[in-house]
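Student: sequence and predicted structure below; questions after.
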Amino acid sequence: MQFNNVEPKNDIPPEIQEEFILFMKEISSASARGDEGTVHATIAGLDELGVQRAIDKIISFYDTTCRYMPRN
């Protein structure tokens, strides 16, 4: 399963792959309207707490992924 340009099996550390896939399914669960995508539609339907939780989750994924990147 690929999400835009992210292939979880290749781009996400193994221990958070399932969590990432679940999050991506949740964050794109609303039906798109007009020219918006499913992520935009889902976020538009979140309350302030839901948006903050999504932001925190995205930052956590980024942090974990960066920790696994090879150092130069």
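Tutor: Arrived safely, thanks for sending.
Student: give the next helix or strand downstream of the one helix or strand in the chain whose mean pLDDT sits lowest.
Tutor: Confidence across the helices and strands of the chain bottoms out at helix 8-11, with a mean of 90, counting by mean pLDDT, DSSP states H and E. Going down the chain from helix 8-11, the next helix or strand is helix 17-27, by DSSP states H and E.
Student: any idea how far that following helix is from the chain center?
Tutor: 6 Å (C-alpha atoms, centre = their mean, to the nearest Å).
Student: measure residue 70 to residue 59 for me?
Tutor: 21 Å (C-beta to C-beta, to the nearest Å). (C-beta placed from N, C-alpha, C; glycine too.)
Student: more crowded one of these two?
Tutor: Between residue 70 and residue 59, counted using other C-beta atoms under 10 Å, residue 59 has the larger neighbour count: 10 against 4.
Student: per-residue pLDDT, residue 72?
Tutor: For residue 72, the model assigns a pLDDT of 73.
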